[in-house]
Every structure is written in C-alpha cells, then in structure tokens.
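# For reference, the sequence and a predicted model appear below.
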Amino acid sequence: MASVRIEREGELATVTLDRPEAMNALSAALCDAITRAFLELAAGDSGTRVVILTGNGRAFCAGVDLKELSSAERPRSEFSSDEMIAAVREFPGPVIAAVNGFAITGGFELALACDFIVASSEARFADTHARVGILPGWGLSQKLPRLIGIGRAKELAFTGNYISAEQAVEWGLANRVTPPGELLPSCRALASDMLSCDPAALRGYKRLIDEGFALSYGEALAHESRVSAGHMQRVSPDQVAKRRERVQQRGRSQSSG
C-alpha cells in the first residue's frame, strides 16, 4: 500500500506512515492510504483487535503536506481528510499512537485521534495552526483542552511552541515516554495486555468511554448505567466466574514476578 506499511502479528497490526523523506507529511495519497488501512483492519474478517500507529524516520507526522496544499494542481483523493480521521477514531478496538518523533499540527491531530499516546524521548509536539494561518478541523481545539486543560492548550495553540515528550507526559497528553528503541516493544506489551481482555468487553468499553466523553458528566453516568445493564443481560454468571478466576491468576502471577 502506497505510503503506508501494515504488519500483522496475530490480532495486533502495526500501521507505519512511510514517507520519511517528507517527514510523513499528509499528502492526498498518504491520507487515502491511512483511511484504506484502517477501514481494512476494521473489517469483521480482518481479525485485528488492536492497532499501533507510528511513523518511519524522524517524524511521526509533520502535518498536512503544505507544498501539495499550495500547488495549483492538487492531486485528487479517494477519501476526505475527515474520513481519514474518522477511520482512525472509529476503529472498534484500541489504537495506540507510538509517537516516534515530530507530531506537528495535523500530525498532532492524528495522534490525538488514537486512544492514547506513548512517546519516544525524541518525540516533539506542536500546534502551528495559527502560525500557518489555518484553524484545526480534526478535533484538536476540543480534545486537547479536555486532556491537558484549557490554559495549557491555549498556550500551545497561541504560541506554536514545541513541547518535549517529558512535558507531554507531565501535562497528561502522553501516557508514558520510552527510549527510542523501546517505543514499539513497549506498545506491543501494552497491546498484548489488551488482547488478553474479553474481546466484546474491550470493544464495548472503548465505545462507552468515547460516547461518554461527548456528554455532560450527569448524562455520561446515566449512559453508562444503561449500557452496563444491557451488557450484563448478555453475560452469564458462569462466564463472569471463569473470567474472574483468570484475572485472579494473572494477579497472583504478576505479584510473584
């Protein structure tokens, strides 16, 4: 697939943006390739339950390809950029952003479309929309303040300054920071933990969090209660007992280790 590599390991897929010469800038071709990759992986027969999204080279993604954007003859695309973000955001299982380097503007938004971020110590984040003279349209202005607070989000938006991976973790933007060589192994270990969960519950939990995130707190609590009651009607006591025993065994194993 042009501009994107997909590597499958059982129920885990790693999607790598592969335009290192352009810092993985989002050309029309790359946007189409990302969209097709996630739609393919989301298909019921793909067998993929968790995805890691990362970049090849020194950037995760440098944002929209401004050279292509300013060209008089822009290439035609199969999908819109909104469809690309939706394909990532709406993948039914967890999507981990393994941010290996620069995540700038549109690339920053792409990382935020994932469920959470694990950053290499070489990662750098910046929102340069105001410097370029455009406004975000993929969720950055709404999700970032909810993650790190409105004051910090405004500081990033109004200055265009970079923050380090360590600062991103301190502010709650990224979950953790790793040495460069440990980024993908760390993400694969997290993915393995997720894949050990009940498949239906994992998908349902992601959907429950995302749906509640868009509601007020009171509405979200009521929504959780309704969804939980419906789910419990489809789960037998025997199933819960067997899974609880596996959880206890795992806990004993981790404690002894």
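Everything's here; your move.

# Which parts of the stretch 51-200 of the chain are strands?
59-61, 95-99, 102-104, 116-120, 124-126, 163-164, 176-178 (DSSP state E, counting those that start in this stretch).

# So which of the ones you listed is the most surrounded?
Burial of the strands of the stretch 51-200 of the chain is given as mean neighbour count (mean count of other Cβ atoms under 10 Å); strand 59-61 ranks first at a mean of 29. Backbone N, C-alpha and C define where each C-beta goes, glycine included.

# Residues touching stretch 28-41, excluding its own?
1-4, 6, 13, 15, 17, 19, 24, 46, 48, 51, 65, 68, 74-79, 81, 83-84, 87-88, 91, 110 (Cβ atoms under 8 Å, 6 or more residues apart in numbering).

# ok, back up a step: the strands of the stretch 51-200 of the chain: which one's closest to Arg152?
strand 163-164 (9.0 Å; Cβ to Cβ).

# If you count contacts, what does the closest one end up packed against?
strand 124-126 (3 or more Cβ pairs under 8 Å, 6 or more residues apart in numbering; DSSP states H and E).

# who's in contact with Leu173?
117, 125, 144, 147-148, 163.

# got CSV for the strands of the stretch 51-200 of the chain, with mean pLDDT too?
Output for the strands of the stretch 51-200 of the chain, formatted as CSV (pLDDT from 0 to 100):
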stretch, mean pLDDT
strand 59-61, 97
strand 95-99, 98
strand 102-104, 97
strand 116-120, 98
strand 124-126, 98
strand 163-164, 98
strand 176-178, 98
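
# Would you convert those strands into CSV that also reports distance to Asp198?
As requested, the strands of the stretch 51-200 of the chain are arranged in CSV below (distance: least, Cβ to Cβ, whole Å):
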stretch, distance to Asp198
strand 59-61, 31
strand 95-99, 19
strand 102-104, 32
strand 116-120, 20
strand 124-126, 34
strand 163-164, 37
strand 176-178, 25
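
# For Ser225, which of the ones you listed is the nearest?
Per Cβ to Cβ, nearest to Ser225 of the strands of the stretch 51-200 of the chain: strand 116-120, 25.1 Å.

# Packing partners of the closest one?
Partner elements for strand 116-120 (3+ Cβ pairs under 8 Å, 6+ apart): strand 95-99, helix 165-171, strand 176-178, helix 183-195.

# Quickly compare these and say which is most buried.
strand 95-99 (a mean of 27).

# Sheet partners, orientation included, of it?
strand 50-55 (parallel), strand 116-120 (parallel) (DSSP bridges).

# pLDDT of the first one, averaged?
The predicted model gives strand 50-55 an average pLDDT of 98.

# That strand to helix 183-195, inter-axis angle?
160 degrees (axes from the mean of the first three to the mean of the last three Cα atoms, to 10 degrees).

# thinking again about what came up before, so which of the strands of the stretch 51-200 of the chain gets nearest Ala222?
With distances scored as Cβ to Cβ, the stretch of the strands of the stretch 51-200 of the chain nearest to Ala222 is strand 116-120 (25.5 Å).
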